[in-house]
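In: Pasting a predicted model and its sequence here:
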Amino acid sequence: MDVDAQKNILPDMKNLNGALAAAGLGGTNKTFPPSSGVFTDSDFMDLIAEYLEIGVRHNRHPTELRDIPGFQPGTTVSDVGNGLKYTSLFDAIYAALEHSGRPGVEVVVSETRLLSSGTSAANVQNARTYNQNLINHVGQGTPKSSRPLETYMFAMFKENLKKGDETERHFGLFNPDKSPAYTLSF
């Protein structure tokens, strides 16, 4: 791919995401309690869920998610809908797929992150806590699915020479000199 085309990919993805959100097609509209998760536009999303289910059955391609929110560290929420206890909103996605008639669609978190500096609220301790809690959590699955969650952290290295917003330089688990940005236990 040529350099000019590469420069357009991210802005094009952001435009598409914005257009989907503006059209009311940007994910789930009810996520709490997690067992009540439903898609914003069920007619449209049910077709996508069906496509994803067929892809999982025949091609083994899971559904990819980015940046699933959690609750404050140490917070547990009881779902009166099913009596399960949650520490994140992963199961809202599973519930939305179930309500679409597609409970067999496998979910993968294709990118999650928390920056360690670059804004007044970002710091190394918060990033370390977020990532360590993520590592601890994904191996256990969720209350609705005990399978480990395939999850990818963004990014391996901080990008000190990256152009653009200052925040874009501070997502890495390692510094540019290959030293750890903070300690994690896997």
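Out: On my side now, so go ahead.

In: only C-alpha atoms for contact and neighbour calcs from this point on.
Out: Fine.

In: Can you show me the strands along the protein?
Out: Ranges of strands in the chain, per DSSP state E, are 28-30, 38-39, 63-66, 77-78, 85-86, 107-112, 151-153.

In: Pairing partners for the last one, with directions?
Out: Right, strand 151-153. With DSSP bridges as the test, strand 151-153 is paired with strand 107-112 (parallel).

In: Using PDB, write down the CA coordinates of the partner strand.
Out: This file holds the C-alpha atoms of strand 107-112, laid out as PDB (Å, rounded to 0.1, in the frame of the first residue of the first chain):
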ATOM      1  CA  VAL A 107     -16.000 -12.300  20.900                       C
ATOM      2  CA  VAL A 108     -12.400 -11.000  20.800                       C
ATOM      3  CA  VAL A 109     -11.200  -7.700  22.200                       C
ATOM      4  CA  SER A 110      -9.000  -6.600  19.300                       C
ATOM      5  CA  GLU A 111      -7.600  -3.500  21.000                       C
ATOM      6  CA  THR A 112      -7.700  -2.100  24.500                       C
END
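
In: Show me the shaky parts of the protein.
Out: Scanning the chain for pLDDT under 70 picks out 1-34, 40-41, 44-45, 51-74.

In: mind listing the helices for this protein?
Out: Taking DSSP state H as the criterion, the chain carries its helices at 3-22, 42-59, 90-99, 124-138.

In: List the contacts of Ser78.
Out: Taking CA atoms under 8 Å, 6 or more residues apart in numbering as the criterion, Ser78 is in contact with Leu84, Lys85, Tyr86.

In: Could I get the residues you listed in a markdown table, plus columns for neighbour count?
Out: Output for those, formatted as a markdown table (neighbours: other CA atoms under 10 Å):
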| residue | neighbour count |
| --- | --- |
| Leu84 | 15 |
| Lys85 | 15 |
| Tyr86 | 20 |
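
In: closest to Ala155 among those residues?
Out: Distance to Ala155 across the contacts of Ser78 (CA to CA) is lowest for Tyr86, with 26.5 Å.

In: Pretty sure the closest one sits against Ser35.
Out: No - if you go by CA atoms under 8 Å, Tyr86 and Ser35 don't touch, sitting 10.2 Å apart.
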